[in-house]
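After the sequence you'll find the predicted model.
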Amino acid sequence: MKNLKPIVNIAGKPVGKGNPCYLIGEIGINHNGDVENVFKLIDAAVDAKFDAVKFQKRTPRICVPRDQWDVERDTPWGVMTYIDYREKTELGIDEFKAIDAYAKSKNIAWTASCWDEPSVDFMEEFDIPFHKIASALVTNDDLLKKIASTGRPVLMSTGMSTMEEIRHAIEILDSDNFMLAHCTSSYPAAYEELNLNMLYTLAEEFDCPIGYSGHETGLSTTIAAVAMGATFIERHITLSRAMWGSDHAASVEPQGMTRLARDIRMIESAMGDGVKKVYDSELPIIAKLRGN
């Protein structure tokens, strides 16, 4: 394993201890195949002062198990096979070119978690600032090697993974520009299974930026993760939690995004340096209550 860097530079912004928490809005598949939804979510992320948005990229005929291809499913577009549904909602090169141009016009970074090797090649057509490895792919050695070959910074989530699997993945990636996110991979995740103290466990073992990828409802536990040292956070975002799709229920709506970013910045300003001092604002209270 290479010596990991405590600070990783993402699109000109340093991520790691002592720097502002890097805020990632996970659009994922919440666009429901409509690039206009993407633009609206990018606008919401910009308005909330997030640093980046993220997508998921798949080659459905590689990622979807063959025995699920012909399973019929009710969708907003009518009944269709699961493989047809996955292909209908997958964004292609023209859509991502439009997304790239729109994100640049809004001055916000974007990237994607690639679920197969051709998707890595697809994303390499764009100058993405880092590759994201989803929790489900931590044990996919071939994909990890493919991502490592790009030489880009890597952010890896750790849901549904053992410490042994995490260590093995880091060995395979062999990257010093590496970030690690604590995560619980249930949607939505139960509070008693968030295990936020894992932030300390990961920080003790790995000298790299440690963050939090949350799938819970509400904002308080994500804010708590920042108070516990998370140097970046990732939350699924949606235009409405009532929209059709599997990830919307565990996502944050635009107003929630704004509150989340605001409260994280408030927490950061409140943390201080840990050195006890008497503030000027306390001096009149000293004179009043102590008489000196």
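All right, it came through fine. All of these numbers come straight from a predicted model, not from anything done at the bench. Residues are numbered from 1 along each chain as shown.

The chain: strands as residue ranges?
8-10, 13-15, 22-28, 52-57, 72-75, 78-81, 109-114, 131-133, 154-157, 178-183, 210-214, 232-236 (DSSP state E).

Might you report the residue contacts of the residue nearest in space to the middle of the chain?
Closest residue to the average C-alpha location of the chain: Glu234 at 3.1 Å, with Cα atoms, centre = their mean. By Cβ atoms under 8 Å, 6 or more residues apart in numbering, the contact set of Glu234 is 24-26, 54, 157, 181, 211-214. The way it works is simple: take the backbone N, C-alpha and C, and place the C-beta from them, glycine included.

could you dump these to a markdown table with pLDDT and neighbour count?
Output for the contacts of Glu234, formatted as a markdown table (pLDDT from 0 to 100; neighbours: other Cβ atoms under 10 Å):
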| residue | pLDDT | neighbour count |
| --- | --- | --- |
| Ile24 | 98 | 27 |
| Gly25 | 96 | 31 |
| Glu26 | 94 | 27 |
| Lys54 | 96 | 23 |
| Ser157 | 98 | 25 |
| Ala181 | 98 | 27 |
| Gly211 | 98 | 28 |
| Tyr212 | 98 | 28 |
| Ser213 | 97 | 28 |
| Gly214 | 95 | 28 |
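
would you turn the residues you listed into a markdown table with distance to Ala45?
Formatted as a markdown table, these follow (distance: Cβ to Cβ, whole Å):
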| residue | distance to Ala45 |
| --- | --- |
| Ile24 | 9 |
| Gly25 | 4 |
| Glu26 | 10 |
| Lys54 | 10 |
| Ser157 | 19 |
| Ala181 | 18 |
| Gly211 | 17 |
| Tyr212 | 17 |
| Ser213 | 16 |
| Gly214 | 16 |
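
just the residues you listed now: which is nearest Glu72?
Glu26 (28.4 Å; Cβ to Cβ).
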